[in-house]
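A.B. asks: predicted structure and sequence below. I'll ask about it afterward.
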Amino acid sequence: MKTPITSIPGIQNVRAKQLEALGVYYAEDLLTLYPRGYEFRNNVKKICEITQEDVKKQVAVTLKGTISDVRSKYIRSNLTVTNMRLSDGTGSVTITLFNQAYNVKKLHSNQQIAVYGNITIGSYGLDINNPVFTINPDTDTDFFEIKPIYPLASGLTQNFMRKIIRSAFSKVKAPTENLPREILEKHNFPVKKTAVVNIHFPKSSEDIEKSRKRLVYEELFIIQIMLMLLKSDKKAIEGAISFCDSDNKIIDAFINSLPFELTDGQKQVWQDIVKDMDTNKCMNRLVLGDVGSGKTVVAVLAMLKAILCGYQAVFMAPTEILAKQHYINICKMLEKITMTDGEKIKVTLLTGSLPLKEKRQALDDIRTGRSQCVIGTHALIQAGVTFNKPGIVITDEQHRFGVKQREILQQQNAAGAPDVLVMSATPIPRTLALVLYGDLDISILKGRPSGRKPVKTYVRDTSARQNMYKWLAQQITEKGVQAYIVHPLIEQGESDMLSAEENFKKMTTSPDSPFKKYGVNAALIHGKLSAQDKAKVMERFVAGEVSVLFSTTVIEVGVDVANATIMIIENAERFGLAQLHQLRGRVGRGSGQSYCILVTKSQDAPRMKIMEESVDGFEISEKDLELRGPGDFFGTQQHGLPPFRIASLYSDTDILKEAQQDALLIEKDSIKYENYLDYIKSIIPERISL
């Protein structure tokens, strides 16, 4: 039974609502709302010890000394400034306070105080603006403690958060220890209670380091154990399909019918899939491929093998637009293939927008088995859709296909549970993939099919816009190509950023626009449009009725338009490198030369240069992680994992490797750790969405 948050003194309904924005619903949640940083007030410096590097980085320092020349000045309504000098015998700094009339009354010349704030350089030497201070430096021991800095929501302050979190420790039970004793001893970790207390109320930097490492390890270790158990559950599903020895002549004929030779990467991944399908265990494989690496062909090979063995193949796309695109492409790939009985493979598309008559026919074809290949969205496994003999499901990484979803199809198939193949176009380091997809076997697909030229990428300053759009209009008029113009915003917000709506309006209505001069047709697409309206705009673009698509990142995962050979990304500095690479992947889908132009301010150009120099998504993702550090490079929730409270997948990779190795040891000695594994199983529904 959890403790109501309102049982903490000072938390009424309004405060409780504010805390919900931080994910705090119960008093226990406060204990795991870990600090995002600290004020190290315990390290008192002499003024002479402040270095140029301290000033350059504007580091926070604690100083003790005597104040003089205390002067307050009324500047205007709601602004009063108080200046004073603080000296400690080794030097002096200027202290400036803003709108602190109440506190200023306590200050006078020749008074001893202590301050904590960021050091800067001003007109008269060293400055500290608006520091926190105490007028009792010899007795106020609380001031010199290490202070936690918590995430905040509207209406909350650091002092309030510190107060209620301290109160929470007296109201709720100590956190349950959830690491095995052997793990604690192996790594010399503090017990859970000590770690949680010390992360909130540390006495030293060592307390923080030890506690943080233990809590980070715990999060990553438990996730690894959970994913290991999920993987084991999936493999242990009774009645897995045993595929026949498919007709290799037909598969070879399909491969030979392709307009390109399979890359070495495609051949290797195909062999991984064949090995999985030839066993009597359910396949749970992730194909982790770069944009344009040829994942769809590998998926079709797997579907063809299932179909040749008498099963249905199911292909689930994240959107209707993509489902239609895959339907067209897969139909083209399979049209030359004839089955051993002389029949062609029937491919069926099932989407929500199908006319009622067509939908009824599609559902009937799926139910009776006339349709061997079924393509649609995630709605394919919803009520009302009955399969005949589903053998394999192809899905994308945003639709985590778990045990429950597989059971839905297994109930419709007396032959057994279907294999699952997950396709991801997000190239990430293998270490991170093992966390995000630890319940899946992983194949990494590298290389690009021959005949596709690498996209040429250029970084251009915002001052080059006029000439750039003139060049674009000429390319469209002379060569008949199409283009995307991508923006970080839909509507105008920040003054230094160009929004999709503003740019679209300017380029289509301004008399001096090159689009007007050359008669370029353009359309606008963004996330606020209804699914139906977005589909209509995309259909016009695919049909060639629209030459330029002004958009937000809604096209990051989009259709393949071979004729779209140019992409301009406005305010490119607002995107991570990995996201820019994903966007760039929308061009270069055909045999012609494609271009990507990154428009940015000159000071942001060095980071963008990485995009000019590389078209390898895995290399770019590594660089992105290196540059962005612990910031979220993509959310964990889209992969079905819980948000981490303290761990970072990017800055804690060393701890992650330790956790992965230890999880494997637990798995090997599962009998010894049976009780512990049962405990982890009991909390899986709370932590991971299946």
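C.D. replies: Right, received. Where do you want to start?

A.B. asks: what's the burial count for the closest residue to residue 174 other than its chain neighbours?
C.D. replies: Closest residue to residue 174 apart from its sequence neighbours, by Cβ to Cβ, 6 or more residues apart in numbering: residue 193 at 4.3 Å. (Glycine included, C-beta is placed from N, CA and C.) Applying other Cβ atoms under 10 Å, we find 15 residues neighbouring residue 193.

A.B. asks: quickly find the element holding residue 193.
C.D. replies: For residue 193, the host element (DSSP states H and E) is helix 192-200.

A.B. asks: now residue 596
C.D. replies: strand 595-600.

A.B. asks: which strands and helices sit next to that strand?
C.D. replies: strand 456-461, helix 465-479, strand 564-569, helix 577-584, helix 605-613 (3 or more Cβ pairs under 8 Å, 6 or more residues apart in numbering; DSSP states H and E).

A.B. asks: can you list contacts of the longest one?
C.D. replies: Which is helix 465-479. For helix 465-479, the surrounding residues in contact (Cβ atoms under 8 Å, 6 or more residues apart in numbering) are 460, 481-483, 507, 513-515, 517-520, 547-548, 566, 568, 597, 599.

A.B. asks: among those, name the buried ones.
C.D. replies: 460, 481-483, 507, 513-515, 518, 520, 547-548, 566, 568, 597, 599 (16 or more other Cβ atoms under 10 Å).

A.B. asks: and the helices in the stretch 301-450 of the chain?
C.D. replies: Along the stretch 301-450 of the chain, counting by DSSP state H, counting those that start in this stretch, helices occupy 320-334, 356-368, 403-410, 430-436.

A.B. asks: lowest-confidence stretch among these?
C.D. replies: Note on the helices of the stretch 301-450 of the chain: helix 403-410 shows the lowest mean pLDDT, a mean of 61.

A.B. asks: any idea how far the residue nearest to residue 174 is from residue 211?
C.D. replies: In this view, residue 193 and residue 211 are 11 Å apart by Cβ to Cβ, to the nearest Å.

A.B. asks: just how off-centre is the strand holding residue 596 within its chain?
C.D. replies: 23 Å (Cα atoms, centre = their mean, to the nearest Å).

A.B. asks: and stretch 256-269, by the same measure?
C.D. replies: That offset, for stretch 256-269, works out to 30 Å (Cα atoms, centre = their mean).

A.B. asks: quick check: buried residues in stretch 462-477?
C.D. replies: Those would be 468, 469, 472, 473, 475, 476, for stretch 462-477 by 16+ other Cβ under 10 Å.

A.B. asks: looking at those, which is nearest residue 659?
C.D. replies: residue 468 (47.8 Å; Cβ to Cβ).

A.B. asks: thinking again about what came up before, and of the helices and strands packed on strand 595-600, who's closest to residue 303?
C.D. replies: helix 577-584 (25.0 Å).

A.B. asks: what angle separates that closest one from strand 595-600?
C.D. replies: Interaxial angle, helix 577-584 versus strand 595-600 (axes from the mean of the first three to the mean of the last three Cα atoms, to 10 degrees): 140 degrees.

A.B. asks: how about residues contacting helix 577-584?
C.D. replies: By Cβ under 8 Å, 6+ apart, helix 577-584 touches 291, 425-428, 455, 457, 484, 486, 553, 555-557, 567, 569, 572, 575, 596, 598, 607-608, 610-611, 617, 620-621, 623-624, 627, 633-634.

A.B. asks: can you pull the buried residues of stretch 259-268?
C.D. replies: Neighbour-count burial for stretch 259-268, counted by 16+ other Cβ under 10 Å, picks out 262, 263, 265, 266, 268.

A.B. asks: what mean pLDDT would you report for it?
C.D. replies: Rounded mean pLDDT across stretch 259-268 is 92.

A.B. asks: could we number from 39 for the rest of this?
C.D. replies: Noted, 39 is the first residue going forward, which turns the last one into stretch 297-306.

A.B. asks: so what's residue 52 up against?
C.D. replies: residue 193.

A.B. asks: Provide a list of residues in contact with the residue nearest to residue 610 when sequence neighbours are not counted.
C.D. replies: Leaving aside its sequence neighbours, residue 610 sits nearest to residue 636 (Cβ to Cβ, 6+ apart; 3.8 Å). With contact set as Cβ under 8 Å, 6+ apart, residue 636 has these partners: 495, 496, 497, 498, 607, 610, 618, 646, 649.

A.B. asks: quick one: closest of the helices and strands packed on strand 633-638 to residue 217.
C.D. replies: helix 615-622 (32.7 Å).

A.B. asks: so how far is the closest one from its chain's centroid?
C.D. replies: For helix 615-622, the separation from the chain centroid amounts to 13 Å (computed by Cα atoms, centre = their mean).

A.B. asks: for that helix, buried residues please.
C.D. replies: Buried residues in helix 615-622 (16+ other Cβ under 10 Å): 615, 616, 617, 618, 619, 620, 621, 622.

A.B. asks: show me which of those residues is closest to residue 236.
C.D. replies: residue 616 (35.3 Å).

A.B. asks: so which strand or helix has residue 305?
C.D. replies: helix 302-315.

A.B. asks: output that helix as CSV, restricted to C-alpha atoms.
C.D. replies: Extracted in CSV, the C-alpha atoms of helix 302-315 (Å, rounded to 0.1, in the frame of the first residue of the first chain):
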residue,chain,number,x,y,z
ASP,A,302,27.0,-8.9,-48.2
GLY,A,303,25.0,-7.4,-45.3
GLN,A,304,21.7,-8.5,-46.8
LYS,A,305,23.1,-12.0,-47.4
GLN,A,306,24.3,-12.3,-43.8
VAL,A,307,21.0,-11.1,-42.3
TRP,A,308,19.1,-13.5,-44.6
GLN,A,309,21.2,-16.4,-43.3
ASP,A,310,20.5,-15.3,-39.7
ILE,A,311,16.7,-15.4,-40.5
VAL,A,312,16.9,-18.8,-42.2
LYS,A,313,18.6,-20.3,-39.2
ASP,A,314,15.9,-18.9,-36.9
MET,A,315,13.0,-20.2,-39.1
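
A.B. asks: just how off-centre is it within its chain?
C.D. replies: 28 Å.

A.B. asks: do the same with stretch 603-619
C.D. replies: Worked out by Cα atoms, centre = their mean, stretch 603-619 lies 16 Å from the chain centre.

A.B. asks: the residue of the chain most remote from its centre and residue 517, how far apart?
C.D. replies: In the chain, counting by Cα atoms, centre = their mean, residue 148 sits farthest out from the average C-alpha position, at 54.6 Å. From residue 148 across to residue 517, the span is 80 Å (Cβ to Cβ).

A.B. asks: cool, residue 76 as well?
C.D. replies: 58 Å.

A.B. asks: for those two, indicate the residue with more neighbours.
C.D. replies: More crowded of residue 76 and residue 517, by other Cβ under 10 Å: residue 76, with 16 against 11.

A.B. asks: what is the three-state secondary structure of that one?
C.D. replies: Following DSSP: H, G, I helix; E, B strand; the rest coil, residue 76 is assigned to strand.

A.B. asks: surely it and residue 239 touch.
C.D. replies: No: assessed by Cβ atoms under 8 Å, residue 76 is found out of contact with residue 239, at 10.7 Å.

A.B. asks: find residues that contact each of the two.
C.D. replies: Taking Cβ under 8 Å, 6+ apart as the criterion, residue 76 and residue 239 both touch residue 186.
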